[in-house]
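[1] can you look at this prediction? I've put the sequence above it.
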Amino acid sequence: MKIFMLLISLFSFATVAMEWNIQSLAPGVSFRGSAVLDGVVWVTGTDNRVYISKDSGNSWQDVSVKGLPLTDFRDIEVFDANTAIVMGAGEGGLSKLYITQNQGLSWQLLFDNPDELGFFNSIAFWDRNNGLLLGDPVGGCYVILRTSDGGKSWQRVAQGELPEMLDKEVAFAASGNTLIVGKRGRAWFTTGGYSSSAYSSADSGQHWRRRPIALYDDTQTAGGYALAFNHLGDLFVLGGDYQQRDKFDANMVYRKGYVWHKAPGTTPGLRTAMACYQEICIATGKLSSDISIDHGYSWQPLLINGQAQGFFTLAIDGNTLVAGGHDGRVAVYTFE
């Protein structure tokens with residue numbers, strides 16, 4: 001594989017370089033959600049913004065949700081080339097779900113947050129019908145909602161099925177990766193705020209357990225921000241502190257088997273997304289990115305188009321990688 005051999009030759013140096021197709025679609029907009037499926041690339045962000053590309057990021061179409069209120073689309077779930085759900089994050093009525101079935105030409109309100117104190121963080125689906133939604137605590141417990149009809153209706157998991165919250169514990173909505181799902185009804189979400197934790201469910205979100213993880217969590221704004229899998233099925237938790245985005249401290253751990261490990265070699269800073277293509281994994285945050293050629297077990301700094309660049313969100317399908325970041329920046333890379 002061409003790209004793999006190139007990276008092998010470059011790993012004798014301090015950094016690895018890659019050329020991505022980067023564009024600025026909407027200055028001032030922050031892109032936090034991303035997805036790729038069936039050749040269609042999606043990014044979502046502030047002010048109801050949604051964009052799609054059908055040609056690997058060479059051109060983009062604005063398919064933003066029209067009307068009010070303006071919300072911050074922090075997550076997106078794509079089911080086929082035409083159908084997608086976007087998740088708005090914000091207090092009370094700013095947290096909403098919209099659905100399109102025609103590549104964003106039109107959108108319909110799918111679900112409106114029923115709690116004025118609620119705040120949506122992330123969504124994830126096992127299939128077109130069955131999914132989960134993670135929200136900030138209401139009534140002293142995280143809101144976990146389950147759907148079996150594609151998001152038309154949601155039922156909250158009973159508070160007694162989740163562990164009691166830790167003191168000052170919080171969940172973040174940085175990149176649409178706070179909650180993820182896996183095979184056979186498994187699901188995970190991560191938290192921070194003076195304590196870093198990974199929650200897991202083995203029965204489609206009906207019951208949950210919590211495990212502490214060794215991420216930097218010395219402040220209220222630190223801890224776990226995102227989860228991801230490598231191609232071997234190992235679970236990664238990424239984090240840091242968004243008020244100290246360049247702080248040099250533990251920002252990644254992974255679970256191999258039943259044991260948690262710290263990933264060596266990551267560069268300083270908050271990491272909010274990770275995506276893998278075969279052995280190659282990329283992790284990123286607003287300020288910079290890292291690359292691994294051994295499934296994420298060790299890392300090197302990554303230069304993108306000759307610079308240290310970072311993004312909020314990553315997604316991959318097949319050999320197509322998409323990234324979304326601050327100031328309206330989007331990037332697409334095709335592995336060869």
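    Cool, got the structure.
[2] which residue ranges form the helices in the stretch 1-150 of the chain?
    For the stretch 1-150 of the chain, applying DSSP state H, counting those that start in this stretch gives helices covering 2-10.
[3] all strands for it, in order.
    Listed in chain order, the strands found in the stretch 1-150 of the chain under DSSP state E, counting those that start in this stretch are 16-18, 21-24, 31-37, 40-45, 50-53, 61-62, 72-78, 84-89, 96-100, 108-112, 120-125, 131-135, 143-147.
[4] the stretch 201-336 of the chain now?
    Secondary structure of the stretch 201-336 of the chain by DSSP E, counting those that start in this stretch: the strands cover 209-212, 222-229, 235-241, 252-256, 259-262, 273-277, 280-284, 289-292, 300-304, 313-317, 320-324, 329-334.
[5] export the third one to CSV, keeping only CA atoms.
    What that stands for is strand 235-241. Once side chains and other backbone atoms are set aside, the C-alpha atoms of strand 235-241 remain, and they are given as CSV (Å, rounded to 0.1, in the frame of the first residue of the first chain):
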residue,chain,number,x,y,z
LEU,A,235,-11.3,0.8,22.6
PHE,A,236,-9.6,4.2,22.9
VAL,A,237,-10.6,7.1,25.1
LEU,A,238,-9.2,10.6,24.2
GLY,A,239,-9.2,13.8,26.3
GLY,A,240,-7.4,16.7,27.9
ASP,A,241,-8.6,20.1,28.9
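[6] tell me what that strand is packed against?
    strand 187-191, strand 222-229, strand 252-256, strand 273-277 (3 or more C-beta pairs under 8 Å, 6 or more residues apart in numbering; DSSP states H and E). All C-beta spots, glycine's among them, are computed from the backbone N, C-alpha and C.
[7] flag the shaky bits of the stretch 1-150 of the chain, pLDDT-wise.
    Segments of the stretch 1-150 of the chain classed as low confidence (criterion: pLDDT under 70) are 1-14.
[8] give the bridge partners for residue 77, please.
    Judged by DSSP bridges, the bridge partners of residue 77 are residue 85.
[9] what is the burial count for it?
    Residue 77: 24 surrounding residues under other C-beta atoms under 10 Å.
[10] for it, what are its contacts?
    For residue 77, the contacting residues are 35, 84-85, 87, 123-125, 131, by C-beta atoms under 8 Å, 6 or more residues apart in numbering.
[11] out of those, who's the most crowded?
    By neighbour count, taken as other C-beta under 10 Å, the most surrounded of these turns out to be residue 87 (29 neighbours).
[12] wait, that one sits on residue 119?
    No - the criterion here is C-beta atoms under 8 Å, and residue 87 misses it with residue 119 at 11.2 Å.
[13] which neighbours do the two have in common?
    Residues touching both residue 87 and residue 119 (C-beta under 8 Å, 6+ apart) are residue 95.
[14] on that earlier part again, a markdown table for the contacts of residue 77, including distance to residue 26?
    Formatted as a markdown table, the entries for the contacts of residue 77 read as follows, by distance: C-beta to C-beta, whole Å:
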| residue | distance to residue 26 |
| --- | --- |
| 35 | 18 |
| 84 | 18 |
| 85 | 21 |
| 87 | 19 |
| 123 | 23 |
| 124 | 26 |
| 125 | 27 |
| 131 | 28 |
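[15] of those residues, closest to residue 103?
    residue 84 (8.0 Å; C-beta to C-beta).
[16] the closest one and residue 78: what is the separation?
    Computed with C-beta to C-beta, to the nearest Å, the distance linking residue 84 and residue 78 is 5 Å.
[17] which neighbours do these two share?
    Shared contacts of residue 84 and residue 78, counting by C-beta under 8 Å, 6+ apart, come down to 35, 42.
[18] identify the residues contacting the closest residue to residue 70 other than its chain neighbours.
    Spatial nearest neighbour of residue 70, chain neighbours left out: residue 47 (4.9 Å); criterion: C-beta to C-beta, 6 or more residues apart in numbering. The neighbours of residue 47, taking C-beta under 8 Å, 6+ apart as the test, are 29, 64, 70, 72.
[19] in these, find the pair that's most separated.
    Put simply, by C-beta to C-beta the two of the contacts of residue 47 set farthest apart are 64 and 72, 12.4 Å from each other.
[20] more neighbours, the two?
    For residue 64 and residue 72, the more surrounded residue by other C-beta under 10 Å is residue 72, and the numbers stand at 22 against 19.
[21] tell me the bridge partners for the more buried one.
    For residue 72, the beta-bridge partners under DSSP bridges are residue 89.
[22] that one against residue 89, yeah?
    Yes - taking contacts as C-beta under 8 Å, residue 72 lies within contact range of residue 89: 5.1 Å.
[23] if I look at the closest residue to residue 166 other than its chain neighbours, what pLDDT would I see?
    By the measure of C-beta to C-beta, 6+ apart, the closest residue to residue 166 outside its immediate chain neighbours is residue 195, 4.7 Å from it. The pLDDT attached to residue 195 in the predicted structure is 92.
[24] surely residue 195 and residue 212 touch.
    Yes - between residue 195 and residue 212 there is a contact at 6.9 Å, judged by C-beta under 8 Å.
[25] tell me which of those two has more neighbours.
    Counted by other C-beta under 10 Å, residue 195 and residue 212 do not tie: residue 195 has more neighbours, with 20 against 12.
[26] quick check: that one vs residue 211, distance?
    As it turns out, when the distance is counted by C-beta to C-beta, residue 195 lies 11 Å from residue 211.
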